[in-house]
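> pasting the structure only:
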């Protein structure tokens with residue numbers, strides 16, 4: 001049994017256990033005062049629908065320098081990033097031993113597959129929503145910046161790539177604008193999601209699929225359980241912009257006795273929420289597509305911003321033995337728990353998301369085999 005376990009460590013097929021620490025505290029906006037960190041007041045509720053997916057975090061070990069780099073999230077109870085924490089607010093332990101760590105904030109460029117539903121069995125309604133859907137897509141592209149890449153794809157009964165991954169956002173906008181009103185077609189949501197996750201598997205760095213969808217699936221070889229299995233095993237989060245409520249409202253207004261009003265919208269919305277959550281991301285409802293900047297700011301912050309913790313491991317354990325990492329937020333003056341408060345002095349409960357286990361042998365030196 002020990003030999004089997006050791007072998008698994010040396011093949012990079014190791015399991016990183018994500019720990020979520022929950023705490024109630026009170027904090028500072030750019031400063032620390034009176035044992036508290038204070039942050040700006042934030043919305044009282046999350047912008048996304050349904051529960052937050054399990055966040056995927058990153059950890060890397062450099063065997064040449066014994067250095068650990070860990071990227072983590074600190075969020076309030078509604079999923080908003082908590083800014084302005086400093087190195088002395090983080091207590092980092094490995095195998096129970098305090099490490100000398102430095103902390104910075106990373107704003108990483110992102111690679112996004114923008115996946116847009118474009119078609120269906122009700123072409124008249126689809127044409128009415130065509131402007132909304134294209135506006136929803138364009139607003140995301142407008143917020144991407146230097147170093148970001150986007151691929152624009154549309155799907156109905158099959159998935160079509162309108163432009164490959166590009167840093168030229170004008171090219172992406174032209175691809176979106178070139179989408180003509182959709183003809184009558186089936187909607188193959190499940191096979192599309194599975195194909196998209198496979199297509200993103202080779203992409204390195206911070207990445208995501210942004211799915212603009214009503215949640216309708218009228219034809220698919222794959223089952224819903226197949227989709228759930230695919231997104232759980234994928235390393236690409238799927239941020240969903242749900243058009244279900246918007247489509248339902250338009251259908252009731254324009255065709256109150258039409259077939260679209262008989263769709264099981266509750267199930268469609270639930271499936272979209274579950275896809276977002278199980279992929280490690282979030283699902284938003286685009287009920288009003290006039291201005292989605294708050295939703296996209298939340299999405300992009302959740303995707304690209306991380307605290308980066310770096311330290312040289314003091315452990316002398318063999319490289320095939322798992323090492324346990326524990327991180328706490330502390331008041332540097334007392335060493336006790338850090339309290340985080342908003343600008344009104346109200347306590348801000350927070351959560352820490354990070355990979356808590358790594359195996360040094362899984363990170364081979366250059367030119368060697370793990």
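Perfect, thanks for sending it. Values in this document were obtained by computation on a predicted structure and should not be read as measured data.
> residue 340 sits in which helix or strand?
strand 339-342 (DSSP states H and E).
> helices or strands next to that strand in the packing?
strand 36-39 (3 or more CB pairs under 8 Å, 6 or more residues apart in numbering; DSSP states H and E). The way it works is simple: take the backbone N, C-alpha and C, and place the C-beta from them, glycine included.
> buried sites along the strand it packs on?
Neighbour-count burial for strand 36-39, counted by 16 or more other CB atoms under 10 Å, picks out 36-39.
> over to stretch 154-163?
154-156, 159, 162-163.
> show residues contacting that stretch.
With CB atoms under 8 Å, 6 or more residues apart in numbering as the test, stretch 154-163 has contacts from 115-120, 151-153, 171-172, 174-176, 178-179, 182, 185-189, 192, 195-196, 219.
> and after the lengthiest strand in the chain, which helix or strand comes next?
In the chain, assigned by DSSP state E, the strand with the most residues is strand 67-76. Elements were assigned by DSSP H and E; along the chain past strand 67-76, the next helix or strand is strand 90-94.
> tell me the helix or strand right after that next one.
strand 97-99.
> pairing partners for that next one, with directions?
Strands that pair with strand 97-99, judged by DSSP bridges, come out as strand 90-94 (antiparallel).
> residue 150 falls within a strand, correct?
Yes - according to DSSP: H, G, I helix; E, B strand; the rest coil, residue 150 belongs to a strand.
> can you tell me which residues contact the residue lying closest to residue 227 once chain neighbours are set aside?
Distances taken as CB to CB, 6 or more residues apart in numbering place residue 190 nearest to residue 227, at 4.7 Å, with adjacent residues excluded. The contact partners of residue 190, by CB under 8 Å, 6+ apart, come to 217, 220-224, 226-227.
> out of the residues you listed, which sit inside helices?
224, 226-227 (DSSP state H).
> buried among the residues you listed? Need that as a selection in ChimeraX.
Selection command for ChimeraX covering only the buried members of those, criterion 16+ other CB under 10 Å:
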select :227
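> which of the ones in helices among the contacts of residue 190 sits closest to residue 92?
Residue 92 has its nearest neighbour among those in residue 227, at 37.5 Å by CB to CB.
> which strand residues bridge the residue nearest to residue 348 when sequence neighbours are not counted?
Nearest residue to residue 348 in three dimensions, chain neighbours excluded: residue 340, at 4.4 Å (CB to CB, 6+ apart). Beta-bridge partners of residue 340, counted by DSSP bridges, are residue 37.
> my guess is residue 340 meets residue 36, correct?
Yes - assessed by CB atoms under 8 Å, residue 340 is found in contact with residue 36 at 6.9 Å.
> what sits against residue 47?
Contacts of residue 47 (CB under 8 Å, 6+ apart): 79, 284, 294-295, 298.
> tell me which element it falls in.
Per DSSP H and E, there is no helix or strand for residue 47.
> for residue 282, see how far away it is.
Distance, residue 47 to residue 282, using CB to CB, to the nearest Å: 8 Å.
> who touches both of those two?
79, 298.
> need the contact partners of the longest helix along the chain.
The helix spanning the most residues in the chain, taking DSSP H as the definition, is helix 123-143. For helix 123-143, contacts defined as CB under 8 Å, 6+ apart pick out 112, 114, 116-120, 150, 152, 169, 172-173, 176-177, 179, 181-184, 210, 212, 241, 243, 246-247, 250-251, 254-255, 258, 260, 286, 289, 291-293, 296-297, 299-300.
> in TSV, list the ones in helices among the contacts of residue 190 along with distance to residue 312 and pLDDT.
Output for these, formatted as TSV (distance: CB to CB, whole Å; pLDDT from 0 to 100):
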residue	distance to residue 312	pLDDT
224	47	96
226	44	97
227	42	97
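> just the ones in helices among the contacts of residue 190 now: which is nearest residue 57?
residue 227 (23.8 Å).
> quick one: the helices in the stretch 251-370 of the chain?
265-278, 293-304 (DSSP state H, counting those that start in this stretch).
> helices or strands next to the longest one in the packing?
What it means is helix 265-278. strand 207-213, helix 224-233, strand 238-242, helix 244-254, strand 283-285.
> before I go, just wanted to say thanks for your time.
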